[in-house]
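In: Kindly generate the corresponding structure for this input.
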Amino acid sequence: MSKGKYPVDLDTLKKFSLFNGLSDQELEMIAALVTIRKCKKGEIIIEEGQPGDETYILLEGEVEVTQKLTLFASETRDLDKRDKMLIRLKADFHPFVGEMSLFQENMKRSATMAAIGEVKLGAINNRELLKLAVENKNIGFNLFYNIGLVLAARLKKANQDIMKLTTAFSLALENG
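Out: Okay, here's the model as predicted:
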């Protein structure tokens, strides 16, 4: 395991839940696909509604993830678009984003991600990652299992948030 051979070392990759269950040899195959991207403060990394073809691992820094809130502002049906901050992701927590674009080519991004300060990302081309997953079934199984765990947790949280909003809305209607 040579430290300087790849843009990101294996010990770093092991910290990301996306790569749980992979051997050092399999991690080397993943490391060979990683391209380092550096972003400046305020730079948009992923833009909501744009097609995505990469999955990202956050190596250094912090990003903000937002979604547009679209409200009908008047009878003329003009749209008032505002961003709602969903979450801040810090490199210390080893997050990965953009993984949903692995499931459908040219899938549109569901949120915008911007650098809060200087950010360093590992970008992995989805076509290359899918090709590796098909060629190496253990890599494919572990990647998609790990993604499934994260998506299930996100869906559970979204369902809880919807229930809270529904409850608050119901109470507001009763008291209004």
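
In: lowest confidence element among the helices and strands of this structure?
Out: Across the helices and strands of the chain, mean confidence by mean pLDDT, DSSP states H and E is lowest for strand 79-90: a mean of 72.

In: And the contacts of the next helix-or-strand element following that one?
Out: Downstream of strand 79-90, the next assigned helix or strand under DSSP states H and E is strand 96-97. With contact meaning CB atoms under 8 Å, 6 or more residues apart in numbering, strand 96-97 is reached by 16-18, 46, 55-58, 63, 65, 89, 113, 150. For every residue, glycine as well, the C-beta is placed using N, CA and C.

In: as a whole number, average confidence for strand 96-97?
Out: Taken as a whole, strand 96-97 has an average pLDDT of 93.

In: strand partners of that strand, parallel vs antiparallel please.
Out: According to DSSP bridges, strand 96-97 has the following sheet partners: strand 54-60 (antiparallel).

In: Name the residues of the strand it pairs with that come out as buried.
Out: Glu54, Thr55, Tyr56, Ile57, Leu58, Leu59 (16 or more other CB atoms under 10 Å).

In: So the closest residue to Ala32 other than its chain neighbours: helix, strand or coil?
Out: Excluding the flanking residues, the one nearest Ala32 by CB to CB, 6 or more residues apart in numbering is Tyr6, at 6.0 Å. Look at Tyr6: counting by DSSP: H, G, I helix; E, B strand; the rest coil, its state is coil.
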